[in-house]
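**Student:** missing the sequence, but the structure's below:
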């Protein structure tokens, strides 16, 4: 029996996680002298991110579920509001209620985490023996999370470096992974932050939407209305440019939009060192899988198929598709 689309998405995640762990172990084996203890906390650097990174997370502890790679990563949930009800982004109720709210046209808003929530995470990591934290977050042009992280870091006598990824989804998530691997191999606060910045700022994220309704409702269409021409029936091709969602093309049919998306992804992949691709969807697993299979030859590692994080899905809407590309983490000198 052929697995259902949801099962095939999970299988893609298993392959992707296995490749990440294998990469960490290979890098550890290449370290001269005594090999780093991957579970060590004392004196190491921890990584904090937010749930817009699309990494799998334990709903109770906010620990990232990537085996040894996730051992030093904490993900802080971003709130999503449906009407007057506030949901943490990792809640099961949000997974159920958000698609229904979007389909019915109910008001959906997003917010940043409080500085106090981030401060608690930094303090907990300090108390566990970590020497510092690199806190890498959703683009500051899409959310106030970076600002909240900086406010929290300023209240603590403990080294915290905040990085504006200028990315979202696994464009951010792969940068978090690179930072975590660098930290687990003994990296300093500076080298871990550099690994995060290098990956995130070289990443590309592109989106195709079935319509612009949700962007219009969320007030995020104003900056692009001139370029799009006010036509809410186009199937826009968008891209994160310097941390901001910008239109790059305006196809009139979904097949044409997907064709142009694949062409632009191929162009970026061919100019990137060992690109790592990821596909995101929202309420369309079969279409997401089809896109991932078409793009797989361009990727240097397995292509995961994951849902858009709710904080993005709330603005892009049902049926959105996205692709992220990150360059490979360079080998240690």
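**Tutor:** Yes, it's here. On a predicted model such as this, the values are computed, not experimentally measured, just so you know.

**Student:** So which residues of the stretch 201-333 of the chain form helices?
**Tutor:** 213-217, 225-228, 254-270, 285-295, 310-316 (DSSP state H, counting those that start in this stretch).

**Student:** just so I know, which of those helices lies nearest residue 47?
**Tutor:** helix 310-316 (19.0 Å; Cβ to Cβ). C-betas here are computed from N, CA, C, even on glycine.

**Student:** who touches the closest one?
**Tutor:** By Cβ atoms under 8 Å, 6 or more residues apart in numbering, the surrounding residues in contact with helix 310-316 are 51-52, 78, 80, 87, 89, 94-95, 98, 102, 108-110, 138, 143, 168-169, 207, 209, 214-215, 218, 220, 280, 282, 307-308, 320, 322.

**Student:** returning to that earlier point: highest mean neighbour count out of the helices of the stretch 201-333 of the chain?
**Tutor:** Neighbour counts (mean count of other Cβ atoms under 10 Å) averaged over each of the helices of the stretch 201-333 of the chain peak at helix 310-316, with a mean of 25.

**Student:** what mean pLDDT does that helix have?
**Tutor:** For helix 310-316, the mean per-residue pLDDT is 87.

**Student:** and what of stretch 237-252?
**Tutor:** 90.

**Student:** and that stretch, which residues are buried?
**Tutor:** 237-240, 243, 245, 247, 249-251 (16 or more other Cβ atoms under 10 Å).

**Student:** ok, of the residues you listed, which one's closest to residue 268?
**Tutor:** Among those, residue 239 lies closest to residue 268 (Cβ to Cβ), at 9.5 Å.

**Student:** I'd like to know how many residues surround residue 100.
**Tutor:** 11 (other Cβ atoms under 10 Å).

**Student:** what's the answer for residue 284, then?
**Tutor:** Neighbours of residue 284 (other Cβ under 10 Å): 17.

**Student:** Name the nearest residue to it, sequence neighbours excluded.
**Tutor:** residue 319 (5.5 Å; Cβ to Cβ, 6 or more residues apart in numbering).

**Student:** again, but for residue 288
**Tutor:** Closest to residue 288 by Cβ to Cβ, 6+ apart is residue 281, at 3.2 Å.

**Student:** Also residue 112?
**Tutor:** Looking at residue 112 with Cβ to Cβ, 6+ apart, the closest residue is residue 144, at 3.8 Å.

**Student:** And residue 298, by the same measure?
**Tutor:** For residue 298, the spatially nearest residue (Cβ to Cβ, 6+ apart) is residue 269, at 4.1 Å.

**Student:** Name the helix or strand for the closest residue to residue 203 other than its chain neighbours, please.
**Tutor:** Nearest non-adjacent residue to residue 203, counting by Cβ to Cβ, 6+ apart: residue 171, 4.1 Å away. In the assignment (DSSP states H and E), residue 171 maps to helix 169-184.

**Student:** what about that helix, average pLDDT?
**Tutor:** Computed over helix 169-184, the mean pLDDT rounds to 98.

**Student:** list the buried ones in that helix?
**Tutor:** In helix 169-184, counting by 16+ other Cβ under 10 Å, buried: 169-184.

**Student:** same check, this time on stretch 324-333
**Tutor:** Within stretch 324-333, the residues that qualify as buried are 324-329, counting by 16+ other Cβ under 10 Å.

**Student:** Among those, name the ones in strands.
**Tutor:** Of those, the ones assigned to strands by DSSP state E are 324-326.

**Student:** picking up where we left off before, looks like the residue nearest to residue 288 contacts residue 317 (just checking).
**Tutor:** No: the pair residue 281 / residue 317 is not scored as a contact, 11.6 Å apart, by Cβ atoms under 8 Å.

**Student:** what's the closest non-adjacent residue to residue 159?
**Tutor:** Using Cβ to Cβ, 6+ apart, the closest residue to residue 159 is residue 132 (3.6 Å).

**Student:** Isn't the residue nearest to residue 298 up against residue 299?
**Tutor:** Yes: between residue 269 and residue 299 there is a contact at 7.4 Å, judged by Cβ under 8 Å.

**Student:** so what sits against both of the two?
**Tutor:** 275, 277.

**Student:** Looking at the helices of the stretch 201-333 of the chain, which is nearest to residue 69?
**Tutor:** Across the helices of the stretch 201-333 of the chain, closest to residue 69 is helix 285-295 (Cβ to Cβ), at 21.1 Å.

**Student:** Tell me how this protein divides into domains.
**Tutor:** Partitioning the chain according to automatic domain parsing yields domains covering residues 5-79+109-202, 204-326.

**Student:** Straight-line length of the last one, end to end?
**Tutor:** Looking at domain 204-326, the gap from its leading to its trailing residue is 7 Å under the measure Cα to Cα, to the nearest Å.

**Student:** and residue 128, what does it touch?
**Tutor:** So residue 128 contacts 41, 46 (Cβ under 8 Å, 6+ apart).

**Student:** Model confidence score at it, please.
**Tutor:** For residue 128, the model assigns a pLDDT of 96.

**Student:** weakest of the domains of the chain by average pLDDT?
**Tutor:** domain 204-326 (a mean of 87).

**Student:** next one: that domain to chain centre, how far?
**Tutor:** Centroid displacement of domain 204-326 relative to its chain, using Cα atoms, centre = their mean, to the nearest Å, is 13 Å.
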